[in-house]
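K.L.:
structure here, sequence nowhere to be found:
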């Protein structure tokens with residue numbers, strides 16, 4: 001069984017496939033067509049190039065936010081459609097945790113992508129190569145509040161950290177198992 005990981009929380013699509021902890025495939029697409037027009041083709045190509053089918057997918061990890069609302073809904077709806085009748089485990093991932101996994105700093109703050117003056121943030125420390133949450137702001141706050149810190153600030157839409165889905169194994173403890181039908185965005 002393989003693991004499929006998808007991040008569509010920003011202006012890019014990021015997808016990886018793992019088998020037994022080994023990275024088999026990763027892709028990163030920025031801009032271009034809307035996610036609804038390319039996501040199924042992206043998944044189909046990933047499965048084709050790894051010599052797999054939808055029936056081989058045992059776990060699906062989906063970045064469910066915070067991020068671009070429409071993009072999140074398109075990715076989640078597509079996954080529900082592809083795997084509705086399949087026996088897969090579904091996991092919801094926070095975009096800030098996945099960004100923290102990709103960033104190599106020892107102490108830092110991750111700030112969610114903004115489309116207004118409000119956002120979320122979370123502070124992390126790296127222990128044994130894994131990011132550990134120190135505190136997370138669960139409510140949307142003003143952007144200037146999130147930047148009042150002595151810590152380096154990393155944004156979830158920082159393309160220098162992509163592709164991020166390949167770092168899923170360092171944050172698996174933060175992934176929330178959900179019934180596929182109950183996989184919903186984190187706003």
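P.N.:
Perfect, thanks for sending it. Here the structure is a predicted model, which is why all the values come from computation and not from measurement.

K.L.:
so where do the strands sit in the chain?
P.N.:
Per DSSP state E, the chain has strands spanning 2-7, 12-19, 22-30, 57-65, 89-94, 107-111, 118-127, 130-142, 153-155, 176-178. These are given in chain order.

K.L.:
quick one, the third one and strand 12-19 angle?
P.N.:
Put plainly, it is strand 22-30. Here strand 22-30 points in a direction 170 degrees away from that of strand 12-19 (axes from the mean of the first three to the mean of the last three Cα atoms, to 10 degrees).

K.L.:
residues contacting strand 22-30, please?
P.N.:
Contacts made with strand 22-30 from outside it, assessed by Cβ atoms under 8 Å, 6 or more residues apart in numbering, are listed as 2, 11-18, 38, 42, 45-46, 49-50, 159, 162-163, 165-166. Backbone N, C-alpha and C define where each C-beta goes, glycine included.

K.L.:
likewise for the last one?
P.N.:
The set of residues that contact strand 176-178 without belonging to it, under Cβ under 8 Å, 6+ apart, is 89, 90, 91, 92, 93, 184.

K.L.:
what's the burial count for residue 4?
P.N.:
The criterion is other Cβ atoms under 10 Å. On that basis, residue 4 has 27 neighbouring residues.

K.L.:
likewise residue 86?
P.N.:
For residue 86, the number of neighbouring residues by other Cβ under 10 Å comes to 13.

K.L.:
contact partners for residue 130?
P.N.:
Here residue 130 is in contact with 101, 170, 171, 173 (criterion: Cβ under 8 Å, 6+ apart).

K.L.:
now pLDDT, neighbour count and distance to residue 24 too, for these, in CSV please.
P.N.:
Formatted as CSV, the contacts of residue 130 follow (pLDDT from 0 to 100; neighbours: other Cβ atoms under 10 Å; distance: Cβ to Cβ, whole Å):
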residue, pLDDT, neighbour count, distance to residue 24
101, 97, 26, 18
170, 91, 18, 18
171, 94, 23, 19
173, 92, 8, 22
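
K.L.:
output the below-cut-off pLDDT ranges for the chain.
P.N.:
Residue ranges of the chain with pLDDT under 70: 32-33, 114-116, 187.

K.L.:
what's opposite the residue positioned nearest the centre of the chain in the beta bridge?
P.N.:
Central residue check for the chain by Cα atoms, centre = their mean: the C-alpha nearest the mean position is that of residue 63, 3.1 Å away. For residue 63, the beta-bridge partners under DSSP bridges are residue 7, residue 93.
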